[in-house]
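Asker: next input, structure requested:
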Amino acid sequence: MTIGWHHDRLNPLPSTWSFPRGFTVIQLINMWLLGNKKQHVPPLGMMLPVYIKHIDPHGRKYSKMKQVMSKIEKFGKEDNVWRNKSEWDGKYVTTLWSTIWPKLDPFLRTKMQRTGDDQPSRDKSRQGQIGWRTCYNNMQEQGLFAGNKARKKRRGN
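Answerer: Numbering: from 1, shown residues only. Model (predicted):
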């Protein structure tokens, strides 16, 4: 891991790195578990929010990514394909993806309004091509984050 001084702290992320535009779910899984060696980006799952404060000032994006990954981890553990942090490689990420796909699939659909149809339908996106944020929104809409302590605290429950 390479560490540099920027944005007023020692930081393992390159100073010019930011979240890729159109970041898909499969890209999130890869970046979260493996990082990107060519760009000198360590696994995002090992990052502390303070290291990405210059990219995500209030940590909201990182928090939402973490929530999606917590569900992916849960699905992986249920299917016995989740590994320890140091064990991840491309092969295991592919195994995770293909194994949890049936559980993740309902959240990888977009609302589509068909011409001449009164009701929107959920259409399947090409496998792996849907944005992580759409997946997050679908998970939230379907109540997967209902037990989130921080969310309860903000609502005053």
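Asker: rest of the way, CA atoms for contacts and neighbours
Answerer: OK.
Asker: residues contacting residue 25?
Answerer: 128-132, 135 (C-alpha atoms under 8 Å, 6 or more residues apart in numbering).
Asker: in a strand, residue 96, correct?
Answerer: No: per DSSP: H, G, I helix; E, B strand; the rest coil, residue 96 lies outside any strand segment and is helix.
Asker: in the helix or strand hosting residue 77, what's buried?
Answerer: Residue 77 is located in helix 60-78, with elements delineated by DSSP states H and E. Buried residues in helix 60-78, counting neighbours by 16 or more other C-alpha atoms under 10 Å, are found at 61-62, 64-69, 71-73, 75-76.
Asker: quick one: low-confidence ranges for the chain?
Answerer: By pLDDT under 70, the weakly predicted segments of the chain are 1-10, 111-128, 148-157.
Asker: hang on, the earlier thing: and which of the buried residues of helix 60-78 is nearest to residue 40?
Answerer: For those, the residue nearest residue 40 by C-alpha to C-alpha is residue 62; the value is 18.6 Å.
Asker: is it true that that closest one touches residue 50?
Answerer: No: counting by C-alpha atoms under 8 Å, residue 50 is not a contact partner of residue 62; they are 10.4 Å apart.
Asker: how near is residue 82 to residue 71?
Answerer: Separation of residue 82 from residue 71 (C-alpha to C-alpha, to the nearest Å): 12 Å.
Asker: er, residue 88 I mean
Answerer: 17 Å.
Asker: equivalent analysis for residue 48, please.
Answerer: Relative to residue 71, and taking C-alpha to C-alpha, residue 48 is found at 19 Å.
Asker: same deal with residue 132?
Answerer: 12 Å.
Asker: please list all residues in contact with residue 43.
Answerer: Residue 43 neighbours (C-alpha under 8 Å, 6+ apart): 31-36.
Asker: which one of these sits closest to residue 14?
Answerer: residue 36 (11.1 Å).
Asker: I'd assumed residue 28 was in contact with the closest one.
Answerer: No: Residue 36 is beyond contact range of residue 28, at 11.1 Å (criterion: C-alpha under 8 Å).
Asker: which stretches in the protein count as helices?
Answerer: For the chain, helices defined by DSSP state H occupy the ranges 25-33, 60-78, 90-104, 132-141, 149-155.
Asker: how about a markdown table for those, with distance to residue 54 added?
Answerer: A markdown table is the format used below for those (distance: least, C-alpha to C-alpha, whole Å):
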| stretch | distance to residue 54 |
| --- | --- |
| helix 25-33 | 18 |
| helix 60-78 | 12 |
| helix 90-104 | 28 |
| helix 132-141 | 20 |
| helix 149-155 | 22 |
